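Chemist: The following block contains a protein sequence and its predicted model.
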Amino acid sequence: MKAKSLAALAAALVIAACASPEGARPDSAGSAPEQNGAGARFSCENGLSVQVRSLSNSQIELRLDDKQAVLNSAVAASGERYTATEGLFGKGAEWHQKGGEAYFEFTDPYGNKVNTTCRS
């Protein structure tokens, strides 16, 4: 009888651990910037400073100096990826973020493709 009680107790503990609120929270290291909040500022390796703000579950706003663009959620193997066909300078842009690091790609006003890594 003791073995059955011990097994039932162990099963209950496992189920309780799986259902705890701690397990239900998303990992903040891979989450998008605060939704509808002030967002996050990223400093990029090429000297740019980018402000990122979540507009919804599927859109973010990027601000770079006096330029801004709204990017839409896209499929990513890891982290969160956002793209737009008309980015900061009327051309495409991509923001791929995982934790406090992001890969940023856009086309500048002269048609040059810019790739840089940014950190919050």
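Modeler: Thanks, I have it.
Chemist: what about this protein, any weak spots by pLDDT?
Modeler: Within the chain, the segments meeting pLDDT under 70 span 1-38.
Chemist: all helices of it, in order?
Modeler: Here the chain has its helices, by DSSP state H, at 2-18, 21-24.
Chemist: what's the nearest residue to G87 if we skip its chain neighbours?
Modeler: Leaving aside its chain neighbours, G87 sits nearest to A93 (2.6 Å; criterion: C-beta to C-beta, 6 or more residues apart in numbering). To be clear about C-beta, it is placed using only N, CA and C from the backbone, and glycine gets the same treatment.
Chemist: Please apply the same query to Y82.
Modeler: Taking C-beta to C-beta, 6+ apart, and ignoring the residues beside it in sequence, Y82 has L71 as its nearest neighbour in space, at 3.6 Å.
Chemist: wait, what's in contact with that neighbour?
Modeler: L71 makes contact with 59-62, 82-84, 87, 93-95 under the criterion C-beta atoms under 8 Å, 6 or more residues apart in numbering.
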